[in-house]
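Pasting the sequence and the predicted model now:
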Amino acid sequence: MKTFEFIRPANPAAAVANAVQAKTAQQGAEVRFLAGGTTLLDLMKLNVETPAQLLDINRLPFDKIESTPDGGLKIGATVRNSDLAHHPVVKRDYPVLSQAILAGASAQLRNMATTAGNLLQRTRCMYFRDTAMPCNKREPGTGCPAIMGSNHSLAVLGTSEHCIATNPSDMCVAMAALEATIHVQGSKDARVIPMGDFHILPGNTPHRETVLEPGDLITHVTLPLPVAGSKQYYLKLRDRASYEFALASAAVVITIAGGKVTRARIALGGVGTKPWRSPEAEAALVDQAPDEANFRKAAEAALRDAKPQSENGFKIELAKRCLTHALRIAATA
Amino acid sequence: MPEDPQSSPPNPTRRSFLRSTGETATAAVMAVWAPATSSNAAELSASPTAIVDPSSIPGTVQLTLRINGQDHQLHVDPRTTLLDCIRETVALTGTKKGCDHGQCGACTVHVNGKRVNSCLSLALMHDGNEITTIEGLGTPDALHPMQAAFLACDGYQCGYCTSGQIMSAVALLKEPCGPNEADVKELMSGNICRCGAYTNIVAAIRKVRKNT
(Lines give C-alpha, C1' and ligand atoms only; values in the text may rest on other atoms or scores of the structure.)
Protein backbone atom coordinates (compact mmCIF):
# COMPACT_ATOMS: atom_id res chain seq x y z
CA MET A 1 0.00 0.00 0.00
CA LYS A 2 1.34 3.43 -0.86
CA THR A 3 1.59 5.65 2.15
CA PHE A 4 -0.75 8.59 2.62
CA GLU A 5 -1.58 11.49 4.84
CA PHE A 6 -4.57 10.77 7.07
CA ILE A 7 -6.71 13.82 7.72
CA ARG A 8 -9.93 14.15 9.65
CA PRO A 9 -11.67 17.29 8.33
CA ALA A 10 -13.50 19.14 11.07
CA ASN A 11 -16.53 19.92 8.93
CA PRO A 12 -17.90 19.32 5.43
CA ALA A 13 -16.50 22.60 4.07
CA ALA A 14 -13.01 21.61 5.15
CA ALA A 15 -13.45 18.18 3.55
CA VAL A 16 -14.50 19.77 0.27
CA ALA A 17 -11.70 22.35 0.38
CA ASN A 18 -9.14 19.58 0.79
CA ALA A 19 -10.58 17.35 -1.92
CA VAL A 20 -11.05 20.05 -4.55
CA GLN A 21 -7.30 20.22 -5.00
CA ALA A 22 -7.21 16.78 -6.60
CA LYS A 23 -6.88 16.53 -10.36
CA THR A 24 -9.68 14.01 -10.61
CA ALA A 25 -12.41 12.39 -8.55
CA GLN A 26 -12.31 9.32 -10.82
CA GLN A 27 -9.76 6.52 -11.18
CA GLY A 28 -6.38 7.72 -10.00
CA ALA A 29 -7.71 10.30 -7.54
CA GLU A 30 -4.94 11.64 -5.31
CA VAL A 31 -7.44 12.53 -2.59
CA ARG A 32 -10.13 10.14 -1.40
CA PHE A 33 -12.89 10.46 1.15
CA LEU A 34 -12.76 7.57 3.61
CA ALA A 35 -16.00 6.30 5.11
CA GLY A 36 -16.38 2.55 5.73
CA GLY A 37 -13.25 1.80 3.73
CA THR A 38 -14.51 -1.57 2.53
CA THR A 39 -13.96 -0.76 -1.16
CA LEU A 40 -11.20 1.82 -0.79
CA LEU A 41 -8.88 -0.11 1.54
CA ASP A 42 -9.45 -3.31 -0.44
CA LEU A 43 -8.26 -1.52 -3.59
CA MET A 44 -5.46 0.33 -1.82
CA LYS A 45 -4.03 -3.01 -0.70
CA LEU A 46 -3.96 -3.98 -4.38
CA ASN A 47 -2.44 -0.63 -5.38
CA VAL A 48 -5.39 -0.07 -7.69
CA GLU A 49 -6.19 3.00 -5.61
CA THR A 50 -3.18 5.06 -4.53
CA PRO A 51 -4.44 8.24 -2.87
CA ALA A 52 -1.88 10.48 -1.26
CA GLN A 53 -4.49 11.87 1.13
CA LEU A 54 -7.34 10.15 2.93
CA LEU A 55 -10.05 12.37 4.34
CA ASP A 56 -11.90 10.53 7.10
CA ILE A 57 -15.51 11.69 6.90
CA ASN A 58 -16.92 9.25 9.46
CA ARG A 59 -17.39 11.94 12.08
CA LEU A 60 -19.14 14.46 9.84
CA PRO A 61 -22.88 14.93 10.50
CA PHE A 62 -24.12 12.59 7.74
CA ASP A 63 -25.21 9.64 9.85
CA LYS A 64 -28.94 10.21 10.16
CA ILE A 65 -32.03 8.84 8.45
CA GLU A 66 -34.87 11.38 8.56
CA SER A 67 -38.20 12.00 6.90
CA THR A 68 -38.32 14.87 4.42
CA PRO A 69 -41.05 17.53 4.37
CA ASP A 70 -42.57 15.98 1.23
CA GLY A 71 -42.96 12.59 2.94
CA GLY A 72 -39.87 11.01 1.46
CA LEU A 73 -36.69 9.90 3.19
CA LYS A 74 -33.30 11.55 3.63
CA ILE A 75 -30.41 9.14 4.12
CA GLY A 76 -27.07 10.53 5.29
CA ALA A 77 -23.93 9.67 3.32
CA THR A 78 -22.25 7.84 6.19
CA VAL A 79 -25.28 5.88 7.38
CA ARG A 80 -24.11 2.26 7.65
CA ASN A 81 -25.69 -0.16 5.16
CA SER A 82 -26.91 -2.36 8.05
CA ASP A 83 -28.62 0.56 9.80
CA LEU A 84 -30.26 1.58 6.53
CA ALA A 85 -31.50 -1.95 5.80
CA HIS A 86 -33.00 -2.40 9.26
CA HIS A 87 -34.58 1.04 9.59
CA PRO A 88 -38.32 0.66 10.25
CA VAL A 89 -39.35 3.29 7.68
CA VAL A 90 -37.17 1.67 5.01
CA LYS A 91 -38.60 -1.78 5.75
CA ARG A 92 -42.14 -0.44 5.66
CA ASP A 93 -42.03 2.00 2.73
CA TYR A 94 -39.01 0.98 0.63
CA PRO A 95 -38.68 -2.76 1.31
CA VAL A 96 -36.85 -3.39 -1.98
CA LEU A 97 -33.98 -1.27 -0.61
CA SER A 98 -33.79 -3.25 2.62
CA GLN A 99 -33.89 -6.54 0.73
CA ALA A 100 -31.21 -5.42 -1.71
CA ILE A 101 -28.80 -4.30 0.98
CA LEU A 102 -29.29 -7.49 3.01
CA ALA A 103 -28.64 -9.55 -0.13
CA GLY A 104 -25.19 -8.05 -0.43
CA ALA A 105 -21.82 -8.62 1.23
CA SER A 106 -21.67 -10.00 4.78
CA ALA A 107 -22.96 -8.73 8.11
CA GLN A 108 -19.51 -7.42 8.99
CA LEU A 109 -19.18 -5.53 5.72
CA ARG A 110 -22.73 -4.16 5.98
CA ASN A 111 -21.83 -2.76 9.40
CA MET A 112 -18.93 -0.84 7.90
CA ALA A 113 -20.12 0.11 4.43
CA THR A 114 -21.93 3.41 3.98
CA THR A 115 -24.59 4.84 1.68
CA ALA A 116 -22.15 7.04 -0.23
CA GLY A 117 -19.48 4.36 -0.33
CA ASN A 118 -21.90 1.85 -1.78
CA LEU A 119 -22.84 4.32 -4.52
CA LEU A 120 -19.14 4.46 -5.38
CA GLN A 121 -18.45 0.74 -5.16
CA ARG A 122 -15.98 -0.36 -7.87
CA THR A 123 -16.12 -3.29 -10.25
CA ARG A 124 -14.91 -6.75 -9.20
CA CYS A 125 -13.39 -7.41 -12.65
CA MET A 126 -10.26 -9.46 -12.01
CA TYR A 127 -8.25 -7.52 -14.57
CA PHE A 128 -9.13 -4.18 -13.01
CA ARG A 129 -8.08 -5.51 -9.61
CA ASP A 130 -4.71 -6.81 -10.84
CA THR A 131 -2.13 -4.12 -11.59
CA ALA A 132 -0.10 -6.66 -13.57
CA MET A 133 -2.92 -6.73 -16.13
CA PRO A 134 -3.77 -4.16 -18.79
CA CYS A 135 -7.03 -2.36 -18.06
CA ASN A 136 -8.61 0.61 -19.80
CA LYS A 137 -10.42 1.57 -16.62
CA ARG A 138 -7.29 1.61 -14.51
CA GLU A 139 -4.86 2.75 -17.22
CA PRO A 140 -6.65 4.22 -20.24
CA GLY A 141 -5.43 2.92 -23.57
CA THR A 142 -3.88 -0.31 -22.31
CA GLY A 143 -6.72 -2.50 -23.53
CA CYS A 144 -9.45 -4.72 -22.10
CA PRO A 145 -8.27 -8.30 -21.54
CA ALA A 146 -11.70 -9.19 -20.16
CA ILE A 147 -13.08 -9.08 -23.69
CA MET A 148 -12.27 -12.57 -24.97
CA GLY A 149 -10.80 -13.32 -21.55
CA SER A 150 -12.35 -14.40 -18.29
CA ASN A 151 -15.68 -12.58 -18.30
CA HIS A 152 -18.13 -14.96 -16.62
CA SER A 153 -19.23 -12.30 -14.14
CA LEU A 154 -19.00 -9.26 -16.37
CA ALA A 155 -21.59 -7.17 -18.17
CA VAL A 156 -23.95 -7.78 -21.08
CA LEU A 157 -25.61 -4.35 -20.99
CA GLY A 158 -23.98 -0.97 -21.45
CA THR A 159 -20.63 -2.38 -22.55
CA SER A 160 -18.25 -0.87 -25.07
CA GLU A 161 -15.24 -2.18 -26.97
CA HIS A 162 -13.14 -0.58 -24.24
CA CYS A 163 -14.74 -1.98 -21.09
CA ILE A 164 -17.26 -4.62 -20.01
CA ALA A 165 -16.94 -4.27 -16.25
CA THR A 166 -20.07 -4.88 -14.19
CA ASN A 167 -21.26 -2.54 -11.48
CA PRO A 168 -21.50 -4.91 -8.47
CA SER A 169 -23.76 -2.99 -6.09
CA ASP A 170 -27.12 -4.34 -4.89
CA MET A 171 -28.10 -1.16 -3.06
CA CYS A 172 -27.71 0.86 -6.27
CA VAL A 173 -30.13 -1.38 -8.17
CA ALA A 174 -32.85 -0.77 -5.56
CA MET A 175 -32.06 2.94 -5.49
CA ALA A 176 -32.41 3.04 -9.28
CA ALA A 177 -35.86 1.42 -9.07
CA LEU A 178 -36.80 3.84 -6.28
CA GLU A 179 -35.60 6.84 -8.31
CA ALA A 180 -33.28 8.10 -5.59
CA THR A 181 -31.63 11.51 -5.76
CA ILE A 182 -28.02 12.04 -4.75
CA HIS A 183 -27.11 15.27 -3.00
CA VAL A 184 -23.60 16.58 -3.41
CA GLN A 185 -21.76 19.44 -1.77
CA GLY A 186 -19.22 20.71 -4.26
CA SER A 187 -16.64 23.45 -4.05
CA LYS A 188 -18.97 25.90 -5.74
CA ASP A 189 -22.43 24.84 -4.64
CA ALA A 190 -24.72 22.08 -3.51
CA ARG A 191 -26.45 20.17 -6.28
CA VAL A 192 -28.72 17.20 -6.83
CA ILE A 193 -28.10 14.31 -9.22
CA PRO A 194 -30.83 11.85 -10.18
CA MET A 195 -29.72 8.26 -9.57
CA GLY A 196 -29.97 7.44 -13.26
CA ASP A 197 -27.52 10.22 -14.15
CA PHE A 198 -24.99 9.53 -11.41
CA HIS A 199 -23.15 6.60 -12.99
CA ILE A 200 -21.67 6.91 -16.50
CA LEU A 201 -21.44 4.22 -19.18
CA PRO A 202 -17.84 3.25 -19.94
CA GLY A 203 -17.93 4.27 -23.60
CA ASN A 204 -14.39 5.23 -24.49
CA THR A 205 -13.72 6.71 -21.05
CA PRO A 206 -14.05 3.72 -18.70
CA HIS A 207 -11.83 5.43 -16.13
CA ARG A 208 -14.74 7.80 -15.48
CA GLU A 209 -17.50 6.05 -13.55
CA THR A 210 -19.57 8.86 -12.06
CA VAL A 211 -20.29 12.53 -12.70
CA LEU A 212 -18.43 13.57 -9.55
CA GLU A 213 -15.73 16.22 -9.85
CA PRO A 214 -12.88 16.94 -7.42
CA GLY A 215 -14.21 18.31 -4.17
CA ASP A 216 -17.65 16.76 -4.62
CA LEU A 217 -18.79 15.28 -1.33
CA ILE A 218 -21.96 13.21 -1.28
CA THR A 219 -23.91 14.48 1.74
CA HIS A 220 -27.08 12.45 1.51
CA VAL A 221 -29.48 10.52 -0.69
CA THR A 222 -33.20 11.22 -0.80
CA LEU A 223 -35.97 8.83 -1.71
CA PRO A 224 -39.24 10.21 -3.02
CA LEU A 225 -42.59 9.79 -1.35
CA PRO A 226 -43.34 6.06 -1.18
CA VAL A 227 -45.82 4.91 -3.77
CA ALA A 228 -48.96 3.81 -1.95
CA GLY A 229 -49.78 0.16 -2.51
CA SER A 230 -46.60 -0.60 -4.45
CA LYS A 231 -45.35 -4.14 -4.48
CA GLN A 232 -41.58 -4.40 -4.20
CA TYR A 233 -39.09 -7.22 -4.45
CA TYR A 234 -35.36 -7.76 -4.92
CA LEU A 235 -34.22 -11.07 -6.36
CA LYS A 236 -30.50 -11.89 -6.54
CA LEU A 237 -29.11 -14.89 -8.41
CA ARG A 238 -25.54 -16.06 -7.96
CA ASP A 239 -23.36 -19.17 -7.88
CA ARG A 240 -23.36 -19.34 -4.06
CA ALA A 241 -26.35 -18.98 -1.75
CA SER A 242 -24.81 -16.02 0.06
CA TYR A 243 -21.86 -13.67 0.30
CA GLU A 244 -21.28 -13.33 -3.39
CA PHE A 245 -21.92 -10.75 -6.08
CA ALA A 246 -24.92 -11.10 -8.40
CA LEU A 247 -24.75 -12.88 -11.71
CA ALA A 248 -28.12 -11.26 -12.29
CA SER A 249 -30.50 -9.42 -10.00
CA ALA A 250 -33.72 -7.49 -10.33
CA ALA A 251 -35.40 -4.78 -8.27
CA VAL A 252 -39.08 -4.30 -9.05
CA VAL A 253 -41.52 -1.70 -7.74
CA ILE A 254 -44.95 -2.20 -9.31
CA THR A 255 -48.48 -1.05 -8.66
CA ILE A 256 -51.41 -3.19 -9.74
CA ALA A 257 -54.98 -1.91 -9.89
CA GLY A 258 -58.05 -3.07 -11.76
CA GLY A 259 -56.23 -6.17 -12.99
CA LYS A 260 -53.49 -4.13 -14.69
CA VAL A 261 -50.03 -2.89 -13.91
CA THR A 262 -50.53 0.85 -13.45
CA ARG A 263 -46.95 1.75 -12.59
CA ALA A 264 -43.64 -0.07 -12.89
CA ARG A 265 -40.06 0.70 -12.00
CA ILE A 266 -37.55 -1.97 -12.95
CA ALA A 267 -33.79 -2.13 -12.44
CA LEU A 268 -31.29 -4.91 -13.06
CA GLY A 269 -28.02 -5.71 -11.34
CA GLY A 270 -25.09 -7.95 -12.15
CA VAL A 271 -25.56 -7.46 -15.89
CA GLY A 272 -24.88 -3.78 -16.50
CA THR A 273 -21.87 -1.52 -16.50
CA LYS A 274 -23.99 0.74 -14.33
CA PRO A 275 -27.07 0.04 -12.18
CA TRP A 276 -29.49 -0.79 -14.97
CA ARG A 277 -32.83 0.96 -14.86
CA SER A 278 -35.01 -0.48 -17.64
CA PRO A 279 -37.58 1.89 -19.16
CA GLU A 280 -38.08 -0.77 -21.84
CA ALA A 281 -39.36 -3.28 -19.31
CA GLU A 282 -41.46 -0.61 -17.62
CA ALA A 283 -43.13 0.41 -20.88
CA ALA A 284 -43.85 -3.22 -21.68
CA LEU A 285 -45.61 -3.71 -18.34
CA VAL A 286 -47.79 -0.65 -17.93
CA ASP A 287 -51.46 -1.23 -18.79
CA GLN A 288 -50.84 -4.96 -19.16
CA ALA A 289 -52.24 -7.76 -17.04
CA PRO A 290 -49.81 -8.90 -14.36
CA ASP A 291 -49.37 -12.39 -15.79
CA GLU A 292 -46.43 -14.60 -16.61
CA ALA A 293 -46.57 -13.94 -20.35
CA ASN A 294 -46.42 -10.18 -19.89
CA PHE A 295 -43.68 -10.44 -17.30
CA ARG A 296 -41.66 -12.47 -19.79
CA LYS A 297 -42.33 -9.89 -22.53
CA ALA A 298 -41.04 -7.18 -20.22
CA ALA A 299 -37.93 -9.23 -19.51
CA GLU A 300 -37.34 -9.73 -23.23
CA ALA A 301 -37.62 -5.99 -23.70
CA ALA A 302 -35.17 -5.33 -20.89
CA LEU A 303 -32.49 -7.55 -22.40
CA ARG A 304 -33.15 -6.78 -26.07
CA ASP A 305 -29.87 -4.90 -26.52
CA ALA A 306 -27.82 -7.28 -24.38
CA LYS A 307 -24.50 -8.22 -25.91
CA PRO A 308 -22.97 -11.52 -24.77
CA GLN A 309 -19.23 -11.85 -24.23
CA SER A 310 -17.26 -15.05 -24.70
CA GLU A 311 -18.21 -16.53 -21.30
CA ASN A 312 -21.28 -14.68 -20.02
CA GLY A 313 -23.96 -15.25 -22.63
CA PHE A 314 -25.88 -17.30 -20.08
CA LYS A 315 -26.56 -14.07 -18.20
CA ILE A 316 -29.01 -12.90 -20.84
CA GLU A 317 -31.47 -15.73 -20.26
CA LEU A 318 -30.68 -15.75 -16.54
CA ALA A 319 -31.52 -12.04 -16.24
CA LYS A 320 -34.78 -12.54 -18.14
CA ARG A 321 -35.82 -15.34 -15.79
CA CYS A 322 -34.65 -13.31 -12.80
CA LEU A 323 -36.85 -10.37 -13.76
CA THR A 324 -39.82 -12.58 -14.65
CA HIS A 325 -39.51 -14.38 -11.33
CA ALA A 326 -39.13 -11.16 -9.35
CA LEU A 327 -42.24 -9.69 -10.98
CA ARG A 328 -44.24 -12.80 -10.21
CA ILE A 329 -43.15 -12.85 -6.56
CA ALA A 330 -43.92 -9.14 -6.17
CA ALA A 331 -47.27 -9.38 -7.92
CA THR A 332 -48.51 -12.33 -5.90
CA ALA A 333 -47.22 -11.13 -2.52
CA MET B 1 8.30 -3.78 26.87
CA PRO B 2 11.52 -3.61 28.88
CA GLU B 3 14.09 -6.28 28.15
CA ASP B 4 17.31 -6.81 30.06
CA PRO B 5 19.93 -6.34 27.34
CA GLN B 6 22.44 -8.39 29.29
CA SER B 7 20.32 -11.47 29.51
CA SER B 8 18.55 -11.67 26.14
CA PRO B 9 20.39 -12.22 22.88
CA PRO B 10 20.34 -9.25 20.47
CA ASN B 11 17.90 -11.03 18.19
CA PRO B 12 14.31 -10.08 18.99
CA THR B 13 11.47 -11.74 17.15
CA ARG B 14 9.76 -9.63 14.52
CA ARG B 15 6.71 -9.49 16.72
CA SER B 16 8.53 -8.24 19.81
CA PHE B 17 10.43 -5.70 17.69
CA LEU B 18 7.23 -4.32 16.21
CA ARG B 19 5.57 -4.32 19.60
CA SER B 20 8.44 -2.40 21.18
CA THR B 21 8.52 0.23 18.48
CA GLY B 22 4.74 0.54 18.55
CA GLU B 23 4.13 1.05 22.23
CA THR B 24 5.34 4.04 24.14
CA ALA B 25 6.61 2.83 27.48
CA THR B 26 8.15 5.40 29.78
CA ALA B 27 11.50 3.65 29.53
CA ALA B 28 11.40 1.81 26.23
CA VAL B 29 14.71 0.06 26.25
CA MET B 30 15.20 -2.73 23.82
CA ALA B 31 17.96 -4.79 22.30
CA VAL B 32 18.42 -3.91 18.66
CA TRP B 33 19.62 -6.63 16.37
CA ALA B 34 22.49 -5.56 14.15
CA PRO B 35 23.67 -7.73 11.25
CA ALA B 36 27.08 -9.24 11.84
CA THR B 37 29.59 -7.72 9.44
CA SER B 38 33.34 -7.67 9.85
CA SER B 39 33.32 -3.92 10.33
CA ASN B 40 31.11 -3.91 13.36
CA ALA B 41 32.06 -7.23 14.87
CA ALA B 42 33.95 -5.36 17.52
CA GLU B 43 30.87 -3.32 18.36
CA LEU B 44 28.74 -6.44 18.50
CA SER B 45 30.88 -8.01 21.16
CA ALA B 46 29.63 -5.40 23.59
CA SER B 47 25.87 -5.92 23.96
CA PRO B 48 24.31 -3.34 21.68
CA THR B 49 21.52 -1.38 23.18
CA ALA B 50 19.51 1.46 21.78
CA ILE B 51 16.65 3.52 22.95
CA VAL B 52 14.08 3.72 20.19
CA ASP B 53 11.42 6.28 20.86
CA PRO B 54 8.53 5.19 18.64
CA SER B 55 7.39 8.76 18.13
CA SER B 56 10.72 9.52 16.46
CA ILE B 57 10.20 7.00 13.67
CA PRO B 58 9.39 9.09 10.62
CA GLY B 59 5.90 8.75 9.21
CA THR B 60 4.25 7.26 12.27
CA VAL B 61 1.15 8.84 13.71
CA GLN B 62 -0.01 8.87 17.32
CA LEU B 63 -3.15 7.05 18.28
CA THR B 64 -4.96 5.81 21.39
CA LEU B 65 -6.84 2.57 20.94
CA ARG B 66 -9.22 1.25 23.56
CA ILE B 67 -9.16 -2.53 23.30
CA ASN B 68 -11.01 -4.80 25.72
CA GLY B 69 -11.42 -1.91 28.10
CA GLN B 70 -7.76 -0.95 28.15
CA ASP B 71 -6.20 2.11 26.51
CA HIS B 72 -3.08 1.66 24.39
CA GLN B 73 -0.92 4.64 23.42
CA LEU B 74 0.50 3.81 20.02
CA HIS B 75 2.53 5.22 17.19
CA VAL B 76 1.72 3.53 13.91
CA ASP B 77 2.29 3.81 10.21
CA PRO B 78 -0.97 5.31 8.90
CA ARG B 79 -1.40 2.31 6.61
CA THR B 80 -1.67 -0.03 9.60
CA THR B 81 -4.98 -1.82 9.50
CA LEU B 82 -6.92 -2.32 12.69
CA LEU B 83 -6.13 -6.02 12.30
CA ASP B 84 -2.37 -5.56 12.07
CA CYS B 85 -2.44 -3.08 14.90
CA ILE B 86 -4.28 -5.52 17.14
CA ARG B 87 -2.06 -8.45 16.23
CA GLU B 88 1.36 -6.91 15.72
CA THR B 89 1.47 -3.66 17.62
CA VAL B 90 -0.62 -4.59 20.62
CA ALA B 91 0.23 -8.30 20.38
CA LEU B 92 -3.32 -9.60 20.80
CA THR B 93 -2.99 -12.48 18.40
CA GLY B 94 -6.31 -14.18 19.00
CA THR B 95 -7.73 -12.31 15.99
CA LYS B 96 -6.51 -13.94 12.80
CA LYS B 97 -5.58 -12.77 9.32
CA GLY B 98 -7.16 -15.03 6.72
CA CYS B 99 -7.50 -13.15 3.45
CA ASP B 100 -6.76 -9.54 4.41
CA HIS B 101 -9.48 -8.45 1.98
CA GLY B 102 -12.74 -8.76 3.90
CA GLN B 103 -13.64 -12.04 2.21
CA CYS B 104 -13.24 -14.62 5.00
CA GLY B 105 -14.23 -13.09 8.34
CA ALA B 106 -11.31 -14.52 10.33
CA CYS B 107 -10.43 -10.97 11.39
CA THR B 108 -13.86 -10.21 12.87
CA VAL B 109 -13.79 -7.97 15.95
CA HIS B 110 -16.37 -5.70 17.56
CA VAL B 111 -16.19 -1.94 17.21
CA ASN B 112 -18.67 -0.26 19.56
CA GLY B 113 -20.43 -3.60 19.82
CA LYS B 114 -20.82 -4.15 16.07
CA ARG B 115 -18.95 -6.82 14.19
CA VAL B 116 -16.54 -5.64 11.49
CA ASN B 117 -13.70 -7.00 9.36
CA SER B 118 -10.67 -5.45 11.03
CA CYS B 119 -8.54 -6.05 7.91
CA LEU B 120 -10.55 -3.49 5.95
CA SER B 121 -10.31 -0.71 8.50
CA LEU B 122 -7.41 1.52 9.45
CA ALA B 123 -6.25 1.69 13.06
CA LEU B 124 -6.29 5.48 12.75
CA MET B 125 -10.03 5.46 12.16
CA HIS B 126 -10.71 4.05 15.60
CA ASP B 127 -9.47 6.34 18.32
CA GLY B 128 -12.38 6.89 20.67
CA ASN B 129 -13.97 3.59 19.68
CA GLU B 130 -14.46 0.58 21.97
CA ILE B 131 -12.82 -2.41 20.35
CA THR B 132 -13.47 -5.93 21.59
CA THR B 133 -11.37 -8.88 20.51
CA ILE B 134 -11.72 -12.56 21.34
CA GLU B 135 -9.41 -12.02 24.30
CA GLY B 136 -11.91 -9.58 25.73
CA LEU B 137 -14.88 -11.89 25.44
CA GLY B 138 -14.07 -14.30 28.21
CA THR B 139 -11.26 -16.01 30.04
CA PRO B 140 -10.50 -19.71 30.48
CA ASP B 141 -12.02 -19.49 33.95
CA ALA B 142 -14.95 -17.36 32.89
CA LEU B 143 -15.88 -18.33 29.37
CA HIS B 144 -18.41 -16.36 27.39
CA PRO B 145 -21.47 -18.59 26.86
CA MET B 146 -20.69 -18.67 23.13
CA GLN B 147 -17.15 -19.89 23.79
CA ALA B 148 -18.55 -22.58 26.11
CA ALA B 149 -21.06 -23.59 23.45
CA PHE B 150 -18.35 -23.87 20.77
CA LEU B 151 -16.48 -26.21 23.12
CA ALA B 152 -19.56 -28.24 24.00
CA CYS B 153 -20.61 -28.55 20.34
CA ASP B 154 -17.10 -29.10 18.98
CA GLY B 155 -17.53 -26.06 16.74
CA TYR B 156 -13.98 -26.02 15.34
CA GLN B 157 -11.21 -28.21 13.93
CA CYS B 158 -8.00 -26.33 13.21
CA GLY B 159 -9.27 -23.31 15.12
CA TYR B 160 -8.07 -20.66 12.69
CA CYS B 161 -11.49 -19.26 11.80
CA THR B 162 -12.82 -19.85 15.29
CA SER B 163 -12.17 -16.53 16.96
CA GLY B 164 -13.82 -14.77 14.02
CA GLN B 165 -16.73 -17.20 14.13
CA ILE B 166 -17.25 -16.63 17.84
CA MET B 167 -17.01 -12.84 17.55
CA SER B 168 -19.52 -12.94 14.68
CA ALA B 169 -21.85 -15.27 16.56
CA VAL B 170 -21.82 -13.12 19.69
CA ALA B 171 -22.65 -10.01 17.67
CA LEU B 172 -25.42 -11.91 15.87
CA LEU B 173 -27.21 -12.38 19.18
CA LYS B 174 -27.87 -8.64 19.26
CA GLU B 175 -28.81 -8.28 15.58
CA PRO B 176 -32.22 -8.75 13.94
CA CYS B 177 -32.09 -12.45 13.05
CA GLY B 178 -34.99 -14.71 12.14
CA PRO B 179 -35.71 -17.80 14.22
CA ASN B 180 -34.63 -20.45 11.72
CA GLU B 181 -31.32 -22.15 11.12
CA ALA B 182 -31.37 -20.70 7.59
CA ASP B 183 -31.46 -17.23 9.13
CA VAL B 184 -28.44 -17.98 11.29
CA LYS B 185 -26.54 -19.44 8.35
CA GLU B 186 -27.29 -16.37 6.26
CA LEU B 187 -26.06 -14.03 8.97
CA MET B 188 -22.94 -16.13 9.54
CA SER B 189 -22.14 -16.30 5.82
CA GLY B 190 -19.34 -13.78 6.26
CA ASN B 191 -17.25 -16.29 8.20
CA ILE B 192 -15.71 -19.06 6.15
CA CYS B 193 -14.41 -22.35 7.59
CA ARG B 194 -12.06 -24.38 5.41
CA CYS B 195 -12.32 -27.35 7.76
CA GLY B 196 -16.06 -27.38 7.29
CA ALA B 197 -17.11 -27.14 10.94
CA TYR B 198 -20.24 -25.27 9.90
CA THR B 199 -22.77 -27.77 11.25
CA ASN B 200 -21.33 -27.64 14.73
CA ILE B 201 -20.85 -23.87 14.60
CA VAL B 202 -24.54 -23.47 13.84
CA ALA B 203 -25.35 -25.95 16.63
CA ALA B 204 -23.34 -23.86 19.10
CA ILE B 205 -25.18 -20.72 18.07
CA ARG B 206 -28.53 -22.51 18.28
CA LYS B 207 -27.64 -23.65 21.78
CA VAL B 208 -26.88 -20.12 22.95
CA ARG B 209 -29.92 -18.62 21.22
CA LYS B 210 -32.14 -21.16 22.89
CA ASN B 211 -30.74 -20.29 26.30
CA THR B 212 -30.86 -16.50 25.87
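Yep, that arrived.

Would you map out the domains in chain B?
By the assignment in automatic domain parsing, chain B contains the domains B:14-56, B:61-136, B:145-211.

Indicate the residue of the stretch 101-250 of chain A located nearest to chain B.
When C-beta to the nearest C-beta is the measure, the stretch 101-250 of chain A has its nearest residue to chain B at A:Ser106, with 2.4 Å between them. Using the backbone N, CA and C atoms, a C-beta is placed for each residue, glycine as well.

out of the domains of chain B, which comes closest to A:Asn18?
Closest to A:Asn18 of the domains of chain B is domain B:61-136 (C-beta to C-beta; 15.7 Å).

tell me the phi and psi of A:Ala22?
Per-residue torsions, A:Ala22: phi -70, psi 160 (degrees, to the nearest 10).

And the strands in the chain?
In the absence of a named chain, chain A is used. According to DSSP state E, chain A carries its strands in the segments A:5-7, A:31-34, A:53-56, A:65-67, A:73-76, A:181-185, A:190-194, A:217-223, A:231-237, A:248-257, A:260-269, A:276-277.

Oops, wrong one, chain B.
Along chain B, counting by DSSP E, strands occupy B:29-30, B:50-51, B:61-67, B:70-76, B:108-111, B:114-117, B:130-132.

can you list those strands in TSV and add distance to chain A and mean neighbour count?
Output for the strands of chain B, formatted as TSV (distance: least, C-beta to the nearest C-beta, whole Å; neighbours: other C-beta atoms under 10 Å in any protein chain shown):
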stretch	distance to chain A	mean neighbour count
strand B:29-30	24	18
strand B:50-51	24	10
strand B:61-67	7	17
strand B:70-76	10	17
strand B:108-111	6	26
strand B:114-117	5	28
strand B:130-132	13	20
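
Quick check: which of those is nearest to A:Arg8?
Shortest separation from A:Arg8 across the strands of chain B is recorded for strand B:61-67, at 11.1 Å, computed as C-beta to C-beta.

Give me the contact list for that closest one.
In this structure, residues lying in contact with strand B:61-67 by C-beta atoms under 8 Å, 6 or more residues apart in numbering or on different chains are A:6, B:55, B:71-78, B:85-86, B:90, B:92, B:123-124, B:126-133, B:136.

Helices along the chain, start to end?
Just so you know, I chose chain A. Defined through DSSP state H, the helices belonging to chain A, from first to last, are A:12-19, A:40-45, A:81-86, A:88-93, A:95-102, A:107-112, A:115-119, A:171-177, A:195-198, A:279-285, A:292-302, A:314-332.

let's do chain B instead
In order along the chain, chain B carries the following helices (DSSP H): B:14-22, B:41-45, B:82-84, B:145-152, B:162-172, B:181-187, B:198-211.

In a markdown table, list the ones you listed along with mean pLDDT, distance to A:Glu49 and mean neighbour count.
Formatted as a markdown table, the entries for the helices of chain B read as follows, by pLDDT from 0 to 100; distance: least, C-beta to C-beta, whole Å; neighbours: other C-beta atoms under 10 Å in any protein chain shown:
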| stretch | mean pLDDT | distance to A:Glu49 | mean neighbour count |
| --- | --- | --- | --- |
| helix B:14-22 | 61 | 26 | 17 |
| helix B:41-45 | 42 | 44 | 10 |
| helix B:82-84 | 98 | 18 | 24 |
| helix B:145-152 | 98 | 36 | 19 |
| helix B:162-172 | 98 | 26 | 25 |
| helix B:181-187 | 98 | 30 | 16 |
| helix B:198-211 | 97 | 34 | 17 |
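
Nearest to A:Leu212 among those would be which one?
Each of the helices of chain B was scored for nearness to A:Leu212 using C-beta to C-beta, and the closest is helix B:82-84 (27.7 Å).

which strands and helices sit next to that closest one?
strand B:108-111 (3 or more C-beta pairs under 8 Å, 6 or more residues apart in numbering or on different chains; DSSP states H and E).

strands paired with the strand it packs on, and their directions?
Paired neighbours of strand B:108-111 in the sheet (DSSP bridges): strand B:114-117 (antiparallel), strand B:130-132 (antiparallel).

Distance check, the most centrally placed residue in chain A against A:Gly270.
Here the mean C-alpha position of chain A is nearest to the C-alpha of A:Cys172 (C-alpha atoms, centre = their mean), at a distance of 2.9 Å. Computed with C-beta to C-beta, to the nearest Å, the distance linking A:Cys172 and A:Gly270 is 11 Å.
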